[in-house]
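# model this:
(chains A and B)
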Amino acid sequence: SQTIHQWPATLVQPVGSPLSLECTVEGTSNPNLYWYRQAAGRGLQLLFYSVGIGQISSEVPQNLSASRPQDRQFILSSKKLLLSDSGFYLCAWSADYNTGELFFGEGSRLTVL
Amino acid sequence: GENVEQHPSTLSVQEGDSAVIKCTYSDSASNYFPWYKQELGKRPQLIIDIRSNVGEKKDQRIAVTLNKTAKHFSLHITETQPEDSAVYFCAASEGGSARQLTFGSGTQLTVLP
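Below is the predicted model:
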């Protein structure tokens, strides 16, 4: 069966420090991968998605970037965190470009101080 | 782009009563409408979805209805139980793919014993 893991689960970082959140999927190949941010009262906002290694699409301009160095690995990064980057970040995968169901990771709570 | 409005933002019901959450969407090309449930501290999970070629879909105590003319869809939960307490997100997608999902802002449902 397919599983998705992301880490760390919680992270407290000072303003201006770098960020790296990692997500891996097991049990499937060539998944579509996504990074979402969940803000209170604002639902799930798509930040990045990837349909293959090295292929990244950004949905909103921001201080963050994403990379996909391997088929089942998706990384969310920042060189210098801002206070506004605080939030709950969710990695997700879907099996096919035309398949609607998303499978989410456990989430990472980022607090920037 | 697509815009999804979800109401109410919070909903409290007595155990055994029904709960209804409503969403409206703006893009008439949207044709896939999933609902995700996120229990406290857990990841969102798909509970039911509907495509534009049907008007209603049921799965035990939950049902979703779709009115394409009015561009709105609703989640109905009957005989609510304490374990139904969670945040529920609606979403809409043009083309039916996860990449194009736009989420509503979420509804916090509390089932009172």
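# quickly list what the residue nearest the centre of chain A is bridged to.
Here the mean C-alpha position of chain A is nearest to the C-alpha of residue A:35 (C-alpha atoms, centre = their mean), at a distance of 2.9 Å. Applying DSSP bridges to residue A:35 yields these beta-bridge partners: residue A:48, residue A:91.
# my read is that it contacts residue A:47, right?
Yes. At 4.5 Å, residue A:35 and residue A:47 qualify as touching, with contact defined as C-beta atoms under 8 Å. (Each C-beta comes from the backbone N, C-alpha and C, glycine too.)
# excluding its backbone neighbours, what's nearest residue A:79?
residue A:18 (5.7 Å; C-beta to C-beta, 6 or more residues apart in numbering or on different chains).
# which ones are touching the one you found?
A:77, A:78, A:79, A:80, A:81 (C-beta atoms under 8 Å, 6 or more residues apart in numbering or on different chains).
# picking up where we left off before, mind pulling up the pLDDT for the residue nearest to the centre of chain A?
Each residue has a pLDDT score; the one for residue A:35 is 96.
# now do residue B:81
97.
# likewise the one 3 residues further on?
Residue-level confidence at residue B:84 comes out at 98, pLDDT.
# likewise residue A:98?
For residue A:98, pLDDT reads 65.
# and chain B, which residues reach chain A?
B:4, B:6, B:9, B:32, B:34, B:36, B:42-46, B:49, B:89, B:91, B:93, B:95-99, B:101, B:103-106 (C-beta under 8 Å from any C-beta of the partner chain).
# are any of those buried, and which?
For the residues of chain B next to chain A, a neighbour count by 16 or more other C-beta atoms under 10 Å in any protein chain shown gives the buried set as B:4, B:6, B:32, B:34, B:36, B:43-44, B:46, B:49, B:89, B:91, B:93, B:96-99, B:101, B:103-106.
# okay, the contacts of residue A:18 in CSV with secondary structure next?
Shown next, in CSV, are the contacts of residue A:18 (DSSP: H, G, I helix; E, B strand; the rest coil):
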residue, secondary structure
A:77, strand
A:78, strand
A:79, coil
A:80, coil
A:81, coil
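# ok, those vs chain B, which is closest?
Set against chain B, the nearest of the contacts of residue A:18 by C-beta to the nearest C-beta is residue A:77 (20.8 Å).
# I'd say that closest one and residue A:64 touch.
Yes. In terms of C-beta under 8 Å, residue A:77 counts as a neighbour of residue A:64; the distance is 6.9 Å.
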